[in-house]
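Visitor: this one's sequence-less:
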């Protein structure tokens, strides 16, 4: 996801860093531009791990429904 193609962003997943990386990989494979946004201080200072909001995966608003459907399908299978 580059500055040029950023639209209004929508959060499609919140979880741990490794979960977010898996989701990002799946979305990238399906040609859905996405980015990971870390909202936890635990990523910087491990002694605080678990106290933040988590790691977010965001997509352009236009891709939100398709991304959510892919995430749902991956969690059911």
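Guide: Great, that's in hand. Small disclaimer: the values here were computed from a predicted structure and weren't measured. Residues are numbered from 1 along each chain as shown.
Visitor: where in this structure is pLDDT low?
Guide: For the chain, residues meeting the criterion pLDDT under 70 lie at 1-6, 40-53, 77.
Visitor: what about the helices in this structure?
Guide: 17-29, 64-76 (DSSP state H).
Visitor: Redo those as CSV? Include mean neighbour count and distance to residue 11.
Guide: Every C-beta, even on glycine, is put in place using the N, C-alpha and C of the backbone. Formatted as CSV, these follow (neighbours: other C-beta atoms under 10 Å; distance: least, C-beta to C-beta, whole Å):
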stretch, mean neighbour count, distance to residue 11
helix 17-29, 16, 11
helix 64-76, 13, 9
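Visitor: if we compare these, which one ends up closest to residue 54?
Guide: Set against residue 54 and scored by C-beta to C-beta, the helices of the chain come closest in helix 17-29, at 8.2 Å.
Visitor: give me the number of residues near the nearest residue in space to residue 14 that is not next to it in sequence?
Guide: Closest residue to residue 14 apart from its sequence neighbours, by C-beta to C-beta, 6 or more residues apart in numbering: residue 54 at 4.7 Å. By the other C-beta atoms under 10 Å criterion, the neighbourhood of residue 54 contains 18 residues.
Visitor: what's the burial count for residue 10?
Guide: For residue 10, using other C-beta under 10 Å, the count is 16.
Visitor: Which strand residues bridge it?
Guide: residue 59 (DSSP bridges).
Visitor: so who does it touch?
Guide: Residue 10 makes contacts with 58-61, 63-64, as judged by C-beta atoms under 8 Å, 6 or more residues apart in numbering.
Visitor: Go through these and name the one nearest residue 31.
Guide: Of the contacts of residue 10, the one sitting nearest to residue 31 (C-beta to C-beta) turns out to be residue 63, at 9.2 Å.
Visitor: residues in contact with the closest one?
Guide: Contacts of residue 63 by C-beta under 8 Å, 6+ apart are 10, 32-34.
Visitor: Dump the helices of the chain into TSV; add distance to residue 38 as well.
Guide: Formatted as TSV, the helices of the chain follow (distance: least, C-beta to C-beta, whole Å):
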stretch	distance to residue 38
helix 17-29	7
helix 64-76	19
